[in-house]
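> Pasting the sequence and the predicted model now:
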Amino acid sequence: MWAICQHEFIRLFKSIKSLITVAFIVGISYLVSDLVNQAASFFPAHELAKGHALGILVLIMLLGPLFVFSLSHDVINRELAGRTIRFLVTRTSRTKIIFGKFLGVVLFWLACLVITFGVVLATVHTFDAKTFWQCLSLLVYCITLAVLLSLAVPRPSYTMFLGIVLAIALPGLGMWSALSGHPAAQYTAYLTPYTFIQKGGAWIGFIWLYAVVFLSVSIYLFQRRDC
């Protein structure tokens, strides 16, 4: 499992798209930090520190799903299409393959967050653990959904398209649920992670519960699939 995890982690960091994504996130974070610093005279120190972290949270909430799906939409079906999955299933269990792939992607995004929040830490010498946890929770939700999509849809070209649709739909549905007075909005709001992030506290646990459900369904589908 750990070999699969390491392989997926290294694969992502070697990808040009991944490097561009990391550079974009860090660059935007630095830009936000610079803009907030320019407004330092208008805000107290503790509010200034929150401003830096808030910029990262907004970026992850809006573009996080797109980043995750664009890089990991084919995390499993890539192996299925290339028949390399046959080699893996003879070496380890299918459950460990899913967990290995999942952990590899999570470690990649965890490293990205550490780098990004490191920029903020170097700027204002403050680390916002709450915002870091919210960003990580949102990304884990998207990662497990990407794993499930990659198992439910066999062709990587299809998951690329569906991943982009989901990446646009998730923030859109989250904002519609928060702003709309439609009766259905109060129910659909709990299908996305944004409501739980807005509520904060123990509500964040529901995002991880969704992640467990997505990962469990992925394992079930993989156990039933012929390789």
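That came through fine. Residues are numbered from 1 along each chain as shown.
> Against Thr126, how distant is the closest residue to Ile76 other than its chain neighbours?
Closest residue in space to Ile76, ignoring its immediate chain neighbours: Ser150 at 4.1 Å, by Cβ to Cβ, 6 or more residues apart in numbering. From N, CA and C alone the C-beta is placed, and that goes for glycine too. Noted for Ser150: a distance of 37 Å to Thr126, by Cβ to Cβ, to the nearest Å.
> Name all residues that make contact with His73.
Residues in contact with His73 (Cβ atoms under 8 Å, 6 or more residues apart in numbering) are 146, 149-150, 156, 159-160, 162-163.
> Would you mind giving me the PyMOL syntax to select the buried ones in these?
Burial among these is assessed by 16 or more other Cβ atoms under 10 Å; the matching PyMOL selection reads:
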select buried, resi 146+149+150+156+159+162+163
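> Check the contacts of His73 for the minimum pLDDT and say which it is.
Lowest pLDDT among those: Pro156, with 88.
> Wait, that residue touches Val75, no?
No. Look at Pro156 against Val75 with Cβ atoms under 8 Å: they stay out of range, at 9.6 Å.
> what's the overlap in contacts for the two?
Shared contacts of Pro156 and Val75 (Cβ under 8 Å, 6+ apart): Ser150.
> Just want the most central residue of this protein.
In the chain, the residue lying closest to the centroid (Cα atoms, centre = their mean) is Leu139, at 2.1 Å.
> which secondary structure element contains the closest residue in space to that residue that isn't next to it in sequence?
The shortest distance from Leu139 to any non-neighbouring residue, by Cβ to Cβ, 6+ apart, is to Trp109 (4.8 Å). Using DSSP states H and E, Trp109 falls within helix 94-124.
> pLDDT of that helix, averaged?
88.
> and if you look at stretch 188-195?
The average pLDDT for stretch 188-195 rounds to 86.
> Check Ala45 and give its pLDDT.
49.
> cool, and Phe127?
Looking at Phe127, its pLDDT reads 79.
> In contact with it, which residues?
Phe127 neighbours (Cβ under 8 Å, 6+ apart): 117, 120-121.
> Look at it and give its secondary structure.
Secondary structure, DSSP: H, G, I helix; E, B strand; the rest coil: Phe127 is coil.
> change the start of the numbering to 6 and stick with it
Noted, 6 is the first residue going forward, which turns the last one into Phe132.
> For Val31, see how far away it is.
Between Phe132 and Val31 the distance is 16 Å, computed by Cβ to Cβ.
> And Thr164, by the same measure?
27 Å.
> What of His12?
Where Val31 is concerned, His12 sits at a distance of 24 Å (Cβ to Cβ).
> just Thr89 next, same as before
Counting by Cβ to Cβ, the gap from Thr89 to Val31 is 32 Å.
> With neighbour numbers in mind, choose between the two.
Neighbours per residue, other Cβ atoms under 10 Å: of Thr89 and Val31, the larger number sits with Val31, 15 against 11.
> helices and strands of this structure: which one bottoms out on pLDDT?
helix 21-43 (a mean of 74; mean pLDDT, DSSP states H and E).
> quick one: pLDDT of Arg229?
85.
> one step back: and the residue nearest to Leu144, how many neighbours?
For Trp114, using other Cβ under 10 Å, the count is 26.
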